[in-house]
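Novice: Quick one: sequence plus predicted model below, questions after.
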Amino acid sequence: YTILMKIRIFFLIFMSTTNMQNMSAVSPSPVEKVGLKIAIQGIIGSFHHQVAQEYFGNDVAVDECLSFEELVDSLISGKSDEAVMAIENSIAGPLIPNYALIDKNNLNIIGEHYLSIHQNFMALKGQKIEDIQEVHSHPIALLQCMEFLKKYPHIKIVEDKDTAETARRIHQKQLTGIAAIGSKTASEMYDLEILAPEIQTINNNMTRFVIIKKEKSFVDESEINRASIKFELDHKRGSLAAVLNVMSDCKLNLTKIQSLPKIETPWKYSFFVDVTFDKYEDYAKAKSLMEIMAEYFKVLGEYKNTKP
């Protein structure tokens, strides 16, 4: 770095620290959750619905969306105030297209929620597993239960839009020979019999959901200890290593890094990163440095880490 660059870096760090101290004193309280409509992927009885109830309360009003694109449209159009979106699973990994949706539509991550996923094999009452010819469910749910499904090669696997919606369809149309995979709540809600409980391959099956909205959050910085960011770097040796060193030097814990190709620029990649930290001051310093080092830098959300 030149002397001028070093002065600029010092000034940005100083200003970010000063602004952080000023903002902490005047940050408004979190937005009241009462009366909001929340967009969910799926229908009532889905895992997204369960997260909405746990995060916002059992009486939360929801807008049922059968795709993540529809969920984003609900948020952007104002039909819903906030949304619940699955972002990664401990078995299936990150849902990369959802990061892209958040980024492309300039949405903000304002919170997160972890849910232990329990998958059940269900169908109309009076049937046995041997009677089932097809199982319909969301692709991620199917992936989480693949070891169980391999035991029954006669059952055709069919990808569907939502776990609970499949259970509802089986109930409404009284479809025999077809099973769904989903929550115990869905089986009870749509009067289906669980033929095999807890069929997920790994018992410790957790999904991380994020809470998103159009506006940024007003969480007091003393409560913020997690951030989701995106950056693009010059394609030269050591550029990513330099950014990772800044994170380490500023005491940030890198919890996830994922690259996505830039469609309009061949062989150019965007990096989506999640970090946790103990002090917001450390994160603010790292952010100031990364803004200088990156060709493009964007904060997708700053919020409270709730990982169990």
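Specialist: Received, thanks. All values reported here derive from a predicted model rather than from experimental measurement.
Novice: Ile109 in helix, strand or coil?
Specialist: Ile109 carries the three-state label strand when classified by DSSP: H, G, I helix; E, B strand; the rest coil.
Novice: mind listing what's buried in the strand or helix carrying Glu281?
Specialist: Glu281 belongs to helix 280-293 when assigned by DSSP states H and E. Residues of helix 280-293 classed as buried under the neighbour-count rule (16 or more other Cβ atoms under 10 Å) are 280-291. (Each C-beta comes from the backbone N, C-alpha and C, glycine too.)
Novice: residue boundaries of the helices in the stretch 201-308 of the chain?
Specialist: With DSSP state H, counting those that start in this stretch applied, the stretch 201-308 of the chain shows helices at 239-249, 280-293, listed in chain order.
Novice: could you give the angle of the last one to helix 239-249?
Specialist: Per axes from the mean of the first three to the mean of the last three Cα atoms, to 10 degrees, the angle that helix 280-293 makes with helix 239-249 is 160 degrees.
Novice: Does helix 280-293 pack against any helices or strands, and if so which?
Specialist: Under the contact criterion of 3 or more Cβ pairs under 8 Å, 6 or more residues apart in numbering; DSSP states H and E, helix 280-293 touches helix 3-26, strand 226-232, helix 239-249, strand 296-303.
Novice: outside of the second one, which residues touch it?
Specialist: In this structure, residues lying in contact with strand 226-232 by Cβ atoms under 8 Å, 6 or more residues apart in numbering are 99, 103, 109, 112, 210, 243, 255, 262, 268-277, 283, 287, 290, 294-305.
Novice: ok now it, how far from the chain's centre?
Specialist: Relative to the mean C-alpha coordinate of its chain, strand 226-232 is positioned 14 Å out (Cα atoms, centre = their mean, to the nearest Å).
Novice: picking up where we left off before, could you flag which of the contacts of strand 226-232 are buried?
Specialist: Judged by neighbour count, with buriedness set by 16+ other Cβ under 10 Å, the buried members of the contacts of strand 226-232 are 99, 103, 109, 112, 210, 243, 270-275, 277, 283, 287, 290, 294, 297, 300-303, 305.
Novice: Point out where the stretch 1-150 of the chain drops to low pLDDT.
Specialist: Low-confidence segments of the stretch 1-150 of the chain, defined by pLDDT under 70, span residues 1-34.
Novice: Can you tell me the SS state at the residue positioned nearest the centre of the chain?
Specialist: The residue lying closest to the centre of the chain (Cα atoms, centre = their mean) is Ile87, at 2.2 Å. Applying three-state DSSP to Ile87 yields a three-state assignment of strand.
Novice: Run through the bridge partners of the nearest residue to it once chain neighbours are set aside.
Specialist: Computed as Cβ to Cβ, 6 or more residues apart in numbering, the closest residue to Ile87 that is not its neighbour in sequence is Val210, at 4.9 Å. Val210 has these beta-bridge partners by DSSP bridges: Met85, Glu112.
Novice: I figured Val210 hits Tyr114, correct?
Specialist: No - counting by Cβ atoms under 8 Å, Val210 sits too far from Tyr114 to count as a contact (10.6 Å).
Novice: rewinding a little: okay, the helices of the stretch 201-308 of the chain in JSON lines with mean pLDDT and distance to Ala186 next?
Specialist: Output for the helices of the stretch 201-308 of the chain, formatted as JSON lines (pLDDT from 0 to 100; distance: least, Cβ to Cβ, whole Å):
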{"stretch": "helix 239-249", "mean pLDDT": "96", "distance to Ala186": "41"}
{"stretch": "helix 280-293", "mean pLDDT": "96", "distance to Ala186": "39"}
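Novice: Give me the number of neighbouring residues for Leu66.
Specialist: 14 (other Cβ atoms under 10 Å).
Novice: let's have the chain start at 296 instead
Specialist: Understood, numbering begins at 296; the last thing we discussed is Leu361.
Novice: give me every residue that touches it.
Specialist: Neighbouring residues of Leu361 by Cβ under 8 Å, 6+ apart: 336-338, 456-457, 460.
Novice: Also Met501?
Specialist: With Cβ under 8 Å, 6+ apart as the criterion, the residues that contact Met501 are 384-385, 409-412, 603.
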